[in-house]
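**Q** here you go, sequence then predicted model.
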Amino acid sequence: MRRRDFIGLASVAAAWPLAARSQQPANMYRIAIVHPTAPVADLTEETTHGEFYPSFFRALRRLGYIEGQNLFVERWTAEGRTDRYEEIAREVIGHKPDVVFVPTGRMALPFKHTTSTLPIVVLAGADPIRMGIVENLSRPGANITGVTTEAGPAFLGKHFQLLRDLKPGLKKAGFLAPRQGWEIWQPVLTATSQSMGISVVGPMVESPFKEQDHRASLASMIDDGIEGLVVSTAFEILAHRPMIVQLVQDHRLPAIYPFREYVNDGGLMSYTSDFREVMTGLAHYVDLILRGTKPGDLPYLQPTRFQFAINLKAARAIELNIPAALLASADELIE
């Protein structure tokens, strides 16, 4: 993925205060939030399960959109069942919201295949071109735009590099991802293996994404002799993070995660984009679309700020000594 094809979040942020100061919306607007796994109770400003949606709704509030006053929100979940994606896409589209927000690239595809007119904003965890969401990042065209949580192939490579910095002799690492995600990330995984001399193994998690699938996948990788684990940005996996963190800890396995929420749940390390920045960007795109901008004219956004956190308590629990240089590079050390 070429970096110049993206517009960074910071580069467009300068224009947002002007939008916020313009005439505030007075009509009732309808948006639909469709999640692959999370319960609808977590898709609110009040949720305690991460900063994703509180940041999103706070940004909408700053722009003048207040749920129950001039904003009506429909919340949908597939409860981890990928076989329901197409059915849910048809149902949501049938309700005719003004904008659909889909927080995963994989779930966006049924919407793309079902409608060419309803505006769709997508939070993609990987290359949106390789995923088939859009054909061009600077001008997506059609009815879809959004934000990616990754800054090109280097983002995933950074996770493997940090794992290597933690264990300098690392030779084999596991990568936890759904099958489709594995296929999308395969070029980066191959390049990582070749450049770092790390053998990257699966197996991929099949769908639906249930607890037993993750347990079987991790057990297989551990039996294969992995010395560390990298967890993908797939939101289908994020919903099972407490169980995954506990399994990894039970096996005393060093791991790095793509979201801070894993570290909050006891995970060892996370390297992630600033999700307050990402969700604010998504909210502003929703605002622009509600004001009449065509989604296809809004370039896919790329995060510009990243955070590296280390959970020292998790390191002590598995009796792991973290190199001083790695500690010094962390943005946050959690005691």
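**A** Nice, thanks for sending it over.
**Q** how about the helices in the stretch 201-335 of the chain?
**A** For the stretch 201-335 of the chain, the helices defined by DSSP state H, counting those that start in this stretch cover 211-223, 235-238, 241-250, 260-264, 275-290, 312-317, 324-329.
**Q** of these, which is nearest V188?
**A** Among the helices of the stretch 201-335 of the chain, the nearest to V188 by Cβ to Cβ is helix 235-238 (17.0 Å). In short, each C-beta sits where N, CA and C put it, glycine included.
**Q** and that closest one, how far from the chain's centre?
**A** Helix 235-238 sits 8 Å away from the centroid of its parent chain (Cα atoms, centre = their mean, to the nearest Å).
**Q** center of the protein - which residue?
**A** Nearest to the geometric centre of the chain sits G125, at 4.4 Å (Cα atoms, centre = their mean).
**Q** tell me how far the residue nearest to that residue when sequence neighbours are not counted lies from Y271.
**A** Closest residue to G125 apart from its sequence neighbours, by Cβ to Cβ, 6 or more residues apart in numbering: T233 at 3.3 Å. As defined by Cβ to Cβ, to the nearest Å, T233 lies at a distance of 11 Å from Y271.
**Q** anything in contact with each of those two?
**A** Taking Cβ atoms under 8 Å, 6 or more residues apart in numbering as the contact rule, T233 and Y271 both touch P258.
**Q** any buried residues in stretch 128-138, and which?
**A** 128-131, 133-134, 137 (16 or more other Cβ atoms under 10 Å).
**Q** what mean pLDDT does that stretch have?
**A** Mean pLDDT, computed over stretch 128-138, is 86.
**Q** re earlier: including distance to T114 and secondary structure, could the buried residues of stretch 128-138 go into CSV?
**A** Shown next, in CSV, are the buried residues of stretch 128-138 (distance: Cβ to Cβ, whole Å; DSSP: H, G, I helix; E, B strand; the rest coil):
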residue, distance to T114, secondary structure
P128, 18, coil
I129, 20, coil
R130, 21, coil
M131, 16, coil
I133, 14, coil
V134, 16, coil
L137, 23, coil
